[in-house]
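[1] here you go, sequence then predicted model.
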Amino acid sequence: MTRTDAPTGPATLGQSRRGRWGAGSIWPVVAILLVLLVAVGIRQPDFYDPPALLAFLKRAAPLIVLAAGQYFVIVAGDFDLSVGSLVTAEVVIAARLIDGDPAATWPVIAVVLAFGLLVGLVNGLVTTLLLVPSFITTLGMYLILVGAVYTWTGGSPRGALSEEFRMFGRRGIEGVPWLGEIPYAVLILLVLGTLAILAMRADFGKVLLAVGDNPRAARLAGGRVAGVRTIAFVISGGCAAVAAILLGGFGGVSFQVGVGLEFTAITAVVLGGVVLGGGRGSVVGAMLGALTLQTLLTLLNLLGVAGALASAVQGLIILAAVAIGGLRART
Amino acid sequence: MTALAATRRTPRIDSTNGVWVALGITLIVGGILVATDGGSLFGQNSTVSLLQRAAGLGIVAVGQTFTILAGSLDLSVAYVISLTSLIAAETMAGSDGRVLPAILAVLAVSGAIGLVNGLLITKLRINAFIATLGVGLLIKGYLEQGYAGPAGQVPVSFQHLGYDRIGPIPVSFLLFIGVAAVAWVVLKRSRFGHHLIATGGDLDVARLSGVRTDWVLIRTHMICSLCAGIAGLYLASRLGAGAPRVGAEGGYDLESIAAVVLGGAVLAGGKGGVAGTVGGVLLLAVIDGIFNQLAVDPFFKQVVRGVVIVAAVAIYALRLRRKAVAA
């Protein structure tokens, strides 16, 4: 039985040859990132002061975490379109449950994480047990979460986050010599990034790659295909929960927090050389893709490209980057 | 043996007829529910608004059927709708004489966007998901840069498309059925249609059999964008002006894909059809209508939609598997 999700179209053809610069390689994204970083540095020389750099990483952390989560799903050949709505749902839930009460912070963080994992588990089980293509499962979950959050709050978010909850996205360990402040977001990012790399090096990661490459072969070889695919969704849900905690710290509580983040995360993953349809690409690449996207947005900001036009430039650069990656794979 | 006998007895509910069965059941159950609530699902007003809601999404979904059948998809349709509604309203600028040039301009622009999508996917080998997402972002940027709110004006004569009706049936719904009928003929009766199904079924096999798959995919994407352009024309006539956010706020990109899949199409391509898509669109509209009549929280509709879509696809998938086991 062939798997019928992944509307990857004809683009996966011709990417069969893996090269140093081809599909799945992280070098194209490294090159783009370096160019962008140099450009940002020219425009704003103090960007490379450690505190400024750390502040930049802090801003990039939620997207990098989301991209890492999305990577696990994509590399197994699936999609997770529910993460944007999950982020929104988590922030709104947290605000309503905490309602400004500092004592509620830790229990609510536990609830937020558990909810993210639960949503991921449902996505995974529906996809693997009921054989619904993940594109549809997570699209349905997206509709359900958006509708449920609006229904629950009656149309406008209520309550407020406590300062303790916001600390993860906003503050850091202060008074560190030379570096200034080390944001908690960067520490969380480091821990999760390391865990992600370790997971991909473990047996789990190898089975996951095999599943994305050829699910049938992976199953015949004894891989627990449904199991690892489900775990991938759980990871993605958990990462969305962490991203929501970080984003809740940055901005206010609104229904707009997570809008479009699923597409941004998928774009970041693809920019990092990961092939939609699965089986190729590394989690480091995915995270670098997210960092690249954030650098691009920073650069556009510095160049005074207004927010509206920025999405056009973003679209153009993504198309160019992916096209060059695809063409390189052919030659 | 027992499994084999069981599958023979149950009617085939795997592709396009399943959604019509679901639609029938929903109409009966919904009709009873609304009637006990003191309303009427089949009254003139509710029928008209139900069919009008179906028209916009329906036209887009027919176009999306082509891309999904070909194993591709188009995420740019929402922005194409907004863009073409603006082109229509600004070209017309309230004058009757400029309706035809406006329609031609809309068709030209939407066709060109489809051509770009198709070329990006076939010649530059960008994954359809990323290619159409990128093109969508480009159009979005242009719209947000150039327009803060509604612009242009549609003459009264053109608003007939959005508001007139023949008996209880709105003209816009007839337009949707017309588009669907043309699409059905193209898919079932033309050489292009057969090539498209072959391409969606297995790209390599189709190419090795002599189908010019690139050209098929390019035309498929042009058809999909053209349908989005027609939907943009309809929305312009409905709103009386062009609206830069109408497509994205209506969620036409993901909802059109959902309607097609609800109609029994398989996302990986090669399976499905226009009849199923029409059923899927009607099912979504009927669910909407029932909830409106029952005055349920509008946001809760979303939740039900999500559950219905996932449940429908799960049923198709499980039936397919049972058939595969029995065979």
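    That came through fine. Residues are numbered from 1 along each chain as shown, chains lettered A, B, ... in the order given.
[2] name the residues that touch stretch A:45-61?
    A:40-41, A:169, A:172, A:178-183, A:185-186, A:188-189, A:246, A:250, A:290-291, A:294-295, A:298 (Cβ atoms under 8 Å, 6 or more residues apart in numbering or on different chains). Backbone N, C-alpha and C define where each C-beta goes, glycine included.
[3] mark which of these are buried, thanks.
    A:40, A:169, A:172, A:180-183, A:185-186, A:188-189, A:246, A:290-291, A:294-295, A:298 (16 or more other Cβ atoms under 10 Å in any protein chain shown).
[4] what sits up against stretch B:154-167?
    B:48, B:88-89, B:92, B:94-96, B:98-99, B:170-172, B:174-175, B:233-241.
[5] ok, the closest residue to chain A within the stretch 201-327 of chain B - how many residues close by?
    Residue nearest to chain A within the stretch 201-327 of chain B (Cβ to the nearest Cβ): B:Q302, separated by 2.7 Å. Counted by other Cβ atoms under 10 Å in any protein chain shown, the residues lying close to B:Q302 total 22.
[6] next: B:S209.
    Neighbour tally, B:S209, other Cβ under 10 Å: 11.
[7] quick check: it touching B:H195?
    No. Using Cβ atoms under 8 Å, B:S209 is not in contact with B:H195; the gap is 9.4 Å.
[8] next one: phi and psi at A:V176?
    phi -80, psi 130 (degrees, to the nearest 10).
[9] tell me the bridge partners for it.
    A:G180 (DSSP bridges).
[10] quick check, it in contact with A:P183.
    No. In this structure, A:V176 is not within contact of A:P183 by Cβ under 8 Å, at 10.7 Å.
[11] and the residue of the stretch 201-327 of chain B closest to chain A, what element?
    helix B:298-326 (DSSP states H and E).
[12] swap in A:L63?
    Using DSSP H and E, A:L63 falls in helix A:50-75.
[13] what's the following helix or strand after that helix?
    Immediately after helix A:50-75, counting by DSSP H and E, sits helix A:83-98.
[14] quick one: is that following helix near chain B?
    No. With Cβ under 8 Å from any Cβ of the partner chain as the criterion, chain B is not reached by helix A:83-98; the gap is at least 9.9 Å.
[15] avg pLDDT for the helix or strand just after that helix?
    Counting by DSSP H and E, the next helix or strand C-terminal to helix A:83-98 is helix A:105-129. What helix A:105-129 shows for mean pLDDT is 95.
[16] check whether the following helix or strand past helix A:105-129 comes into contact with chain B.
    Next helix or strand after helix A:105-129 toward the C-terminus (DSSP H and E): helix A:134-153. Yes. Shown here: helix A:134-153 in contact with chain B (Cβ under 8 Å from any Cβ) through A:135-137, A:139-144, A:146-148, A:150-151.
[17] need the phi and psi values for B:T213.
    phi -60, psi -40.
[18] surely it meets B:T199?
    Yes. At 4.8 Å, B:T213 counts as touching B:T199 under the criterion of Cβ under 8 Å.
[19] who has more neighbours out of these two?
    B:T199 (29 against 25).
[20] how about the helix or strand where the more buried one lies: buried residues?
    B:T199 is part of helix B:191-201, with elements assigned from DSSP H and E. Along helix B:191-201, these residues count as buried under the neighbour rule (16+ other Cβ under 10 Å): B:F192, B:G193, B:H195, B:L196, B:I197, B:A198, B:T199, B:G200, B:G201.
[21] where does pLDDT dip in the stretch 201-327 of chain B?
    B:324-327 (pLDDT under 70).
[22] for it, which segments count as helices?
    B:203-208, B:213-239, B:246-249, B:252-262, B:274-293, B:298-326 (DSSP state H, counting those that start in this stretch).
[23] pick the most deeply packed of the ones you listed.
    Among these, helix B:252-262 has the highest mean neighbour count (mean count of other Cβ atoms under 10 Å in any protein chain shown), at a mean of 28.
[24] wait, isn't A:A94 in contact with A:G248?
    Yes. A:A94 lies in contact with A:G248 (Cβ under 8 Å); the separation is 5.9 Å.
[25] what's the nearest residue to the closest residue to chain B within the stretch 1-150 of chain A if we skip its chain neighbours?
    Residue nearest to chain B within the stretch 1-150 of chain A: A:G147 (2.7 Å; Cβ to the nearest Cβ). Counting by Cβ to Cβ, 6 or more residues apart in numbering or on different chains, B:Q302 is the residue found nearest to A:G147 once chain neighbours are left out, at 2.7 Å.
[26] what sits against the one you found?
    Contacts of B:Q302 (Cβ under 8 Å, 6+ apart): A:L143, A:I144, A:V146, A:G147, A:A148, A:Y150.
[27] so how many other residues sit close to the residue of the stretch 1-150 of chain B found nearest chain A?
    For the stretch 1-150 of chain B and chain A, the shortest gap (Cβ to the nearest Cβ) falls at B:G141, measuring 2.4 Å. Close neighbours of B:G141, defined as other Cβ under 10 Å, add up to 23.
[28] let's verify it: helix, strand, or coil?
    Using DSSP: H, G, I helix; E, B strand; the rest coil, the structure places B:G141 in helix.
[29] tell me the spacing between the residue lying closest to it once chain neighbours are set aside and B:A258.
    Computed as Cβ to Cβ, 6+ apart, the closest residue to B:G141 that is not its neighbour in sequence is A:A312, at 2.4 Å. A:A312 sits 27 Å away from B:A258, going by Cβ to Cβ, to the nearest Å.
[30] again, but for B:W184
    Counting by Cβ to Cβ - B:W184 and B:A258 are separated by 20 Å.
[31] what of B:Q44?
    With Cβ to Cβ as the criterion, B:Q44 and B:A258 are 29 Å apart.
[32] kindly report the same for A:L63.
    Counting by Cβ to Cβ - A:L63 and B:A258 are separated by 26 Å.
[33] tell me which helix or strand B:Q159 sits in.
    Going by DSSP H and E, B:Q159 is part of helix B:156-163.
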